[in-house]
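1. Structure of the sequence below:
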Amino acid sequence: EHVTLENDDSFSTVLSSDMLAALSFHNQKGPLTATFSYSSKTNKSQLKTDPNKSNVKIARTYQLHGKPTTTWSTGDIVFVDIRPSLSQNALDGCYTLTEQLPSNLKPLTWNVQTLEETNQNQYYSSRPYSVQGQTITYCISKNSESTIRFPVRVINKGTFTAEPATIQMIGKPDIVNSTDETTITVK
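-> Numbers count the residues shown, from 1 in each chain. Down below sits the predicted model:
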């Protein structure tokens, strides 16, 4: 397709990956800016084989009464501790830290009552930028706190799988790492 743009004209189109590979610009006179966006699905094997993962790391534990454990009772308030680690060689910018809670855990709201009930005021300086159902998302950078901690309430009995928590750079999605899956038992 031949497109002629003049002055402040713009042009937008949707291209397949093959069409994008064949895209070329000819007879350019003046500045040209091209912006591309894409989305793709990620599978667990991709998360574990990222070549940049030595610069971007993440660990997750669950704390009950100050001790790490994955065996709880219904009604317990458990703390999810996520420890991102960005090396000095990690790129500057926002990294999304995403925790997908298993169905037996309900995130507690960040309010004064929760602070008083859990006596954990020191851990609440970092708030998520998104809580959508079971998905909790933070934006962190090299200067962020070393541990993100938030409370959840145990609501169902059974054995559950906690999907990997992930850390991924905004604007450069190939910089990504994740925790392992965790098996949770509620009696």
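2. Just give me the neighbour total for the residue lying closest to Thr69 once chain neighbours are set aside.
-> Distances taken as C-beta to C-beta, 6 or more residues apart in numbering put Tyr62 closest to Thr69, at 6.6 Å, once the chain neighbours are dropped. Backbone N, C-alpha and C define where each C-beta goes, glycine included. Other residues within reach of Tyr62, judged by other C-beta atoms under 10 Å, total 20.
3. before we move on, which element is Tyr62 in?
-> In this structure, Tyr62 sits in strand 56-64 according to DSSP states H and E.
4. Okay, buried residues for that strand please.
-> 56-58, 60-62, 64 (16 or more other C-beta atoms under 10 Å).
5. State the distance from Lys106 to Ser54.
-> 35 Å (C-beta to C-beta, to the nearest Å).
6. higher neighbour count, these two?
-> Per other C-beta under 10 Å, whichever of Lys106 and Ser54 has more neighbours is Lys106, with 14 against 11.
7. Please tell me how far the more buried one sits from Thr13.
-> For Lys106 relative to Thr13 (C-beta to C-beta), the value is 44 Å.
8. Please enumerate the strands of this structure.
-> Counting by DSSP state E, the chain has strands at residues 56-64, 67-68, 71-72, 77-86, 95-100, 105-107, 130-132, 135-140, 148-154, 158-162, 166-169, 176-178, 182-186.
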